[in-house]
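**Student:** model the following, please.
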Amino acid sequence: MPTPLKALLALTALALLASCGTSRAAVTAAPRVTLVADSVGGVLFWQQDARDDLARGIDLRIDIRTCRRLVTDGCVYSGERPPSALAAIRELGPALGRVVVLDVGYNDAPEGFDAGIDRVMGALVAAGVDRVVWLTLRERRTSWAEINDRIREARKRWPQLQIGDWELESHDHDAWFTDGIHMSWVGGAAFASFLRPLVLAACGNECGEGGSMLAVAGPLRAARVGMRYVDRFRASGGTPPYRLSVKGLPAPLRMRPDGTIYGKPKVPGAFPLDVEVVDAAGIRNDATVLLKIVRR
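**Tutor:** Below you'll find the predicted structure:
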C-alpha cells in the first residue's frame with residue numbers, strides 16, 4: 001500500500017468542504033461538485049491555493065479517506081478500515097450534486113475493478129449524478145496500469161463517464177510528487193489546474209455561459225484613513241448583469257450595487273469582506289476579499 005504524505009496522516013475522518021455558502025430563498029446555489037478520493041486527492045486539504053483555484057464558482061465538496069478502496073473497506077490505517085468509495089456515495093446520495101470526480105484505485109487490485117466501477121457508476125446514477133470524471137492513476141506499478149485499462153474500458157459502458165487522464169498529464173513531471181503519486185505543493189497546483197477544465201466541461205451550462213464559472217474577486221487596493229476611497233469588486237463568468245452585496249465593510253464606507261466601494265475610512269485595519277454575487281440566471285457565489293486601511 002502506498003505511504004501517504006505526513007500532512008495527510010490525520011485525514012482519516014470524512015471531510016466535506018464547502019467553498020461557497022448555502023443557498024438562499026429564490027437564489028440558485030452555485031453548482032455542486034463532489035470529489036471522492038483516497039489520500040492522493042488529499043493534497044487539496046493542505047494546498048489551499050490549489051483548492052481555491054479549483055473551487056472558483058463551484059460548491060465544492062471533498063470526501064477523502066486514507067487507504068480507501070473502491071467497493072470494499074480500505075486497508076488498515078490508524079487501527080481502522082475506512083469505508084469504500086461506494087459506501088460514501090451511497091451515504092451522500094443526492095447531496096453529491098450533478099458532477100462527481102473519482103480518484104480511487106491505488107489501494108485496489110486490478111481483479112474485479114471493472115465490476116467495482118459498474119457498481120459505483122450504478123450508485124452514482126441512482127443518486128442523480130449526471131457526469132462523472134474518473135481520474136487515471138499514475139502508472140508506477142503494473143497493477144495501476146492494469147486498473148487504468150479498466151477505467152478506460154468503462155467509458156464504453158457508461159456514457160456519463162468522462163476520463164481525466166492524470167497519468168498522461170503528469171507522466172513527465174516527477175518533480176510534482178514526493179513519492180511518485182502523492183503531490184508536492186507544485187503538484188497540487190498542477191492537479192487543480194488539470195481538474196478545473198474537466199469539471200467545467202462536465203458541469204456544462206449550469207456552470208455559466210461558455211463554461212465560465214461565476215466568480216467575484218479582489219484584490220482591492222489599500223485605503224488611507226481620512227482620504228476619499230473608490231475601488232470595486234470584479235465579477236466574471238456566469239450571465240451578466242451581476243448583483244453584488246457585502247458584509248463586514250467598515251463604516252462609513254459603502255458599496256453600490258455594481259460593486260463599487262466608496263467613502264472616507266476612519267480607522268486603520270485589515271477587514272475581510274464577505275462578498276456575494278448573483279448573476280442574471282440566479283446563480284450565486286461567495287468570496288472573501290481583504291480590504292486594508294492604513295494610516296496616512
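
**Student:** quick one: contacts of the worst-scoring helix or strand of the chain on mean pLDDT?
**Tutor:** Across the helices and strands of the chain, mean confidence by mean pLDDT, DSSP states H and E is lowest for strand 215-217: a mean of 77. With contact meaning CB atoms under 8 Å, 6 or more residues apart in numbering, strand 215-217 is reached by 56-57, 233-237, 242, 244, 259, 275-277, 285-287, 289. Every C-beta, even on glycine, is put in place using the N, C-alpha and C of the backbone.

**Student:** kindly recompute the last result at 10 Å.
**Tutor:** With contacts defined as CB atoms under 10 Å, 6 or more residues apart in numbering, strand 215-217 is touched by 30, 55-58, 208, 233-238, 242, 244, 246, 259, 275-278, 285-287, 289.

**Student:** what's the closest non-adjacent residue to L44?
**Tutor:** R51 (4.5 Å; CB to CB, 6 or more residues apart in numbering).

**Student:** and the helix or strand the one you found falls within, what other elements does it pack with?
**Tutor:** Element membership for R51 (DSSP states H and E) is helix 48-55. Applying 3 or more CB pairs under 10 Å, 6 or more residues apart in numbering; DSSP states H and E, we find helix 48-55 packed against strand 32-37, helix 43-46, strand 59-64, helix 185-203.

**Student:** if you set the cut-off to 7 Å instead, what comes out?
**Tutor:** Packing contacts for helix 48-55, counted by 3 or more CB pairs under 7 Å, 6 or more residues apart in numbering; DSSP states H and E, involve helix 43-46, helix 185-203.

**Student:** deepest of these, which one?
**Tutor:** helix 43-46 (a mean of 22; mean count of other CB atoms under 10 Å).

**Student:** contacts for that helix next, please.
**Tutor:** Residues outside helix 43-46 that contact it (CB atoms under 7 Å, 6 or more residues apart in numbering) are 7, 11, 50-51, 54, 62, 64, 183, 187-188, 191.

**Student:** before we move on, back to that, quick one: mean pLDDT for the helix holding R51?
**Tutor:** What helix 48-55 shows for mean pLDDT is 86.

**Student:** can you dump the C-alpha atoms of that helix in PDB for me?
**Tutor:** C-alpha atoms of helix 48-55 as PDB (Å, rounded to 0.1, in the frame of the first residue of the first chain):
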ATOM      1  CA  GLN A  48      -5.400  25.800  -0.100                       C
ATOM      2  CA  ASP A  49      -4.400  27.800  -3.100                       C
ATOM      3  CA  ALA A  50      -5.000  24.800  -5.300                       C
ATOM      4  CA  ARG A  51      -8.300  24.100  -3.700                       C
ATOM      5  CA  ASP A  52      -9.500  27.700  -4.000                       C
ATOM      6  CA  ASP A  53      -8.400  27.700  -7.700                       C
ATOM      7  CA  LEU A  54     -10.500  24.500  -8.400                       C
ATOM      8  CA  ALA A  55     -13.400  25.700  -6.400                       C
END
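
**Student:** which residues sit against that helix?
**Tutor:** For helix 48-55, contacts defined as CB under 7 Å, 6+ apart pick out 19, 43-44, 60, 188-189, 191-193, 195-196.

**Student:** and these as TSV, adding distance to I147 and pLDDT?
**Tutor:** Shown next, in TSV, are the contacts of helix 48-55 (distance: CB to CB, whole Å; pLDDT from 0 to 100):
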residue	distance to I147	pLDDT
S19	30	37
V43	20	92
L44	21	90
L60	25	87
G188	23	96
A189	26	95
F191	19	97
A192	23	94
S193	24	93
L195	19	95
R196	24	91
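
**Student:** of those residues, which is the nearest to V76?
**Tutor:** For these, the minimum distance to V76 (CB to CB) is 22.7 Å, reached by V43.

**Student:** next, A270: phi, psi?
**Tutor:** Here is the backbone geometry of A270 (degrees, to the nearest 10): phi -110, psi 120.

**Student:** surely it meets L290?
**Tutor:** Yes - A270 lies in contact with L290 (CB atoms under 7 Å); the separation is 6.1 Å.

**Student:** and the helices in this structure?
**Tutor:** 43-46, 48-55, 85-92, 113-126, 142-157, 166-170, 185-203 (DSSP state H).

**Student:** for the stretch 151-296 of the chain, which spans come out with low pLDDT?
**Tutor:** 205-213 (pLDDT under 70).

**Student:** what about the strands in it?
**Tutor:** Using DSSP state E, counting those that start in this stretch, the strands of the stretch 151-296 of the chain run over residues 161-164, 215-217, 223-224, 229-232, 234-236, 243-247, 254-255, 260-263, 269-278, 284-294.
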